[in-house]
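Asks: requesting a structural model of the entry that follows:
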Amino acid sequence: MKTIRVEKPTPEQLDRLKVDSWPIWEKEPSIFDWYYDEKETCLILEGEVRVEPKGGGEAAEFKAGDLVTFPEGLGCTWKIRKAVRKHYRFGD
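Replies: Below you'll find the predicted structure:
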């Protein structure tokens, strides 16, 4: 089963990942389906989101300050409650 990981990163962890150099993605409140054909790691800068895996699995809720990792092969539904803004990186 594909698991979404949500954690509270340390400043040192963010520096090591070079998160400030990652692109930014923004989206208004909405609901949409998504499929991850590769791993994504993102740092939520603003917003509130619930992501529900397709075919079962535990839903994840996250907000500003959370570091979220989506596994390759995950099909899910994004439910953006408050407009989201995030740094993101695909791959390892």
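Asks: low-confidence bits of the chain, can you list those?
Replies: By pLDDT under 70, the weakly predicted segments of the chain are 1.
Asks: if we go to 90?
Replies: 1-2, 55-57, 92 (pLDDT under 90).
Asks: the residue nearest the centre of it bridge partners, please.
Replies: Taking C-alpha atoms, centre = their mean, the centroid of the chain lies closest to residue 68, which sits 4.4 Å from it. Taking DSSP bridges as the rule, residue 68 bridges to residue 6, residue 42.
Asks: element containing the residue in the chain sticking out farthest from the centre, please.
Replies: Among the C-alpha atoms of the chain, the one farthest from their average position, using C-alpha atoms, centre = their mean, is that of residue 12, at 19.5 Å. Here residue 12, judged by DSSP states H and E, is contained in helix 11-17.
Asks: buried stuff in the longest strand along the chain?
Replies: The strand that spans the most residues within the chain, counting by DSSP state E, is strand 75-90. Within strand 75-90, the residues that qualify as buried by neighbour count (16 or more other C-beta atoms under 10 Å) are 76, 79, 80, 84, 86, 87, 88, 89. Placement of C-beta: from N, CA and C, glycine included.
Asks: can you tell me which two in the residues you listed are farthest apart?
Replies: 79 and 89 (22.6 Å; C-beta to C-beta).
Asks: what comes up buried for stretch 64-71?
Replies: Neighbour counts over stretch 64-71 (16+ other C-beta under 10 Å) mark 66, 67, 68, 70 as buried.
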